[in-house]
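Participant: sequence-free structure coming up:
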């Protein structure tokens, strides 16, 4: 694409600012800018205010590192949830996704990313130390690894597995297999292979 | 996609606000929100401020309706540009694109959209009346229609053509044809047909 020469410094700066959002290039950023210019002042004031609120009013839960409006998030402070099970996830979106299933009643631990040498993210950049600290007070009985089934996710799972091994705590991982609604014919061999190896008693499928 | 239940009212509102941007769904909006939360406070303050500036400091040029920091835009107030030629475009982005060629030294007229019955946009929603007013003081000698080669663009061009016909002013349209770098084999028949019908003297291709 040709190098855009904007007629206005404000537009240029706004395109740069929107362009810093993930997956947004200059053309898309310019579409956003034109949209803001055309919409009414109240919508612009609203989005402007909310961006500041995201930074000012939200924090990371001191226990699980999830995004929270308070120092301790709603999940960690909910006494009806099982503190002895910790589900390890990459970020806030994964907590949302698992919460939406309604099938998990334990606690979470948000790593804040996955080990990725290509992006320069090592174990020390993730909240792994604070996870291990939780294992010292003997209240945790099980750790569930719920990370992406990608190279980065598997690497991170394996790293945590090695770190947790000395604690002799039950360590599990969410099942890999054929997604509900998928056809065998179009499933890749690795997934299909794992789903055969890790087959489950049929009656477990009858529960939701 | 499952209906997202956010743990925070602020996140929910911010996702809605980002989701109102063109082409942004809930998942992308959530990515933007998480990005804002993770970035430093200065970036968030910067984007928040720029959004307000876009609304407060920019206006539409009273002559050509292009986006401008002043009442009359830089192009309309530039005395070295030819006021007798007006290039009619859909929006600000088209002005940018044509300006970037460096080959046009006339004025512009920004319609603010294209006739689109499907989207409920009729001629009265576009800046067509103000274009016709410009023709009354006999300074304009040529109108160039530079609208998209789509159904909406062609409809709008034809509507303006009929409106301008009584003024006996030279009316032209930007050439349709094979883009520079394109291969004939992969060009659609309509474009190829037009490029044969509207063939140009070979030596005109030798100029830039």
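Facilitator: Ah, there it is. All values reported here derive from a predicted model rather than from experimental measurement. Numbers count the residues shown, from 1 in each chain, chains lettered A, B, ... in the order given.
Participant: could you list the domains of chain A?
Facilitator: Chain A breaks down into these structural domains: A:9-57, A:78-174 (assignment by automatic domain parsing).
Participant: just send those domains back as CSV, with mean pLDDT too.
Facilitator: Formatted as CSV, the domains of chain A follow (pLDDT from 0 to 100):
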stretch, mean pLDDT
domain A:9-57, 94
domain A:78-174, 92
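Participant: any chance of those in TSV, plus mean neighbour count and distance to residue B:91?
Facilitator: For glycine as for every other residue, the C-beta is placed from the backbone atoms N, C-alpha and C. Shown next, in TSV, are the domains of chain A (neighbours: other CB atoms under 10 Å in any protein chain shown; distance: least, CB to CB, whole Å):
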stretch	mean neighbour count	distance to residue B:91
domain A:9-57	18	7
domain A:78-174	16	35
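Participant: could I get those domains as CSV with distance to chain B?
Facilitator: Conversion of these to CSV gives the following (distance: least, CB to the nearest CB, whole Å):
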stretch, distance to chain B
domain A:9-57, 4
domain A:78-174, 5
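Participant: kindly reformat those as a markdown table containing distance to residue B:121.
Facilitator: A markdown table is the format used below for the domains of chain A (distance: least, CB to CB, whole Å):
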| stretch | distance to residue B:121 |
| --- | --- |
| domain A:9-57 | 13 |
| domain A:78-174 | 37 |
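Participant: tell me the angle the helix ranked longest in chain A makes with helix B:41-57.
Facilitator: What stands out as the longest helix in chain A, according to DSSP state H, is helix A:41-57. Angle, helix A:41-57 to helix B:41-57, by axes from the mean of the first three to the mean of the last three CA atoms, to 10 degrees: 170 degrees.
Participant: ok now helix A:41-57, how far from the chain's centre?
Facilitator: Remark: helix A:41-57 is offset 24 Å from the chain centroid, using CA atoms, centre = their mean, to the nearest Å.
Participant: out of the domains of chain A, which comes closest to residue B:180?
Facilitator: Nearest to residue B:180, of all these, is domain A:9-57, at 19.7 Å by CB to CB.
Participant: before we move on, the earlier item: which residues outside the longest helix of chain A are in contact with it?
Facilitator: Here helix A:41-57 makes contact (CB atoms under 8 Å, 6 or more residues apart in numbering or on different chains) with A:36, A:69, B:10-11, B:13-14, B:17-18, B:20, B:33, B:36-37, B:41, B:44-45, B:47-49, B:51-52, B:54-56.
Participant: sorry, back to before: quick one: which of the domains of chain A is nearest residue B:93?
Facilitator: Counting by CB to CB, residue B:93 lies closest to domain A:9-57 out of the domains of chain A; the figure is 6.4 Å.
Participant: can you give the strand pairings for the strand ranked longest in chain A, parallel or anti for each?
Facilitator: The residue-count maximum for a strand in chain A (DSSP state E) belongs to strand A:82-89. According to DSSP bridges, strand A:82-89 has the following sheet partners: strand A:106-110 (parallel), strand A:142-145 (parallel).
Participant: redo the ones you listed as TSV? Include distance to residue A:204.
Facilitator: Formatted as TSV, the strands paired with strand A:82-89 follow (distance: least, CB to CB, whole Å):
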stretch	distance to residue A:204
strand A:106-110	19
strand A:142-145	16
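Participant: identify whichever of the ones you listed lies nearest to residue A:63.
Facilitator: Judged by CB to CB, the one of those that comes nearest to residue A:63 is strand A:106-110, at 7.8 Å.
Participant: for the next helix or strand after the closest one, the distance to its chain's centre please.
Facilitator: Once strand A:106-110 ends, the next helix or strand along the chain (criterion: DSSP states H and E) is helix A:129-134. Centroid displacement of helix A:129-134 relative to its chain, using CA atoms, centre = their mean, is 18 Å.
Participant: before we move on, the earlier item: who's in contact with the longest strand of chain A?
Facilitator: Contacts for strand A:82-89 (CB under 8 Å, 6+ apart): A:95, A:98, A:104-111, A:131, A:134, A:139-147, A:160.
Participant: if we go to 6 Å?
Facilitator: Applying CB atoms under 6 Å, 6 or more residues apart in numbering or on different chains, the contact partners of strand A:82-89 are A:95, A:105-110, A:139-146.
Participant: centroid residue for chain A?
Facilitator: residue A:91 (2.3 Å; CA atoms, centre = their mean).
Participant: excluding its backbone neighbours, what's nearest that one?
Facilitator: residue A:110 (6.1 Å; CB to CB, 6 or more residues apart in numbering or on different chains).
Participant: check whether the one you found really touches residue A:68, as I assumed.
Facilitator: No: using CB atoms under 6 Å, residue A:110 is not in contact with residue A:68, being 10.2 Å away.
Participant: apart from its chain neighbours, what residue comes closest to residue A:73?
Facilitator: residue A:61 (3.7 Å).
Participant: ok, the one you found - contacts?
Facilitator: Contacts of residue A:61 by CB under 6 Å, 6+ apart are A:68, A:72-73, A:76.
Participant: change it to 10 Å
Facilitator: For residue A:61, the contact set (CB atoms under 10 Å, 6 or more residues apart in numbering or on different chains) comprises A:67-77, A:108-110, B:7.
Participant: before we move on, what about residue A:58?
Facilitator: For residue A:58, the contact set (CB under 10 Å, 6+ apart) comprises A:67-70, B:8, B:10-11, B:14, B:33, B:36-37.
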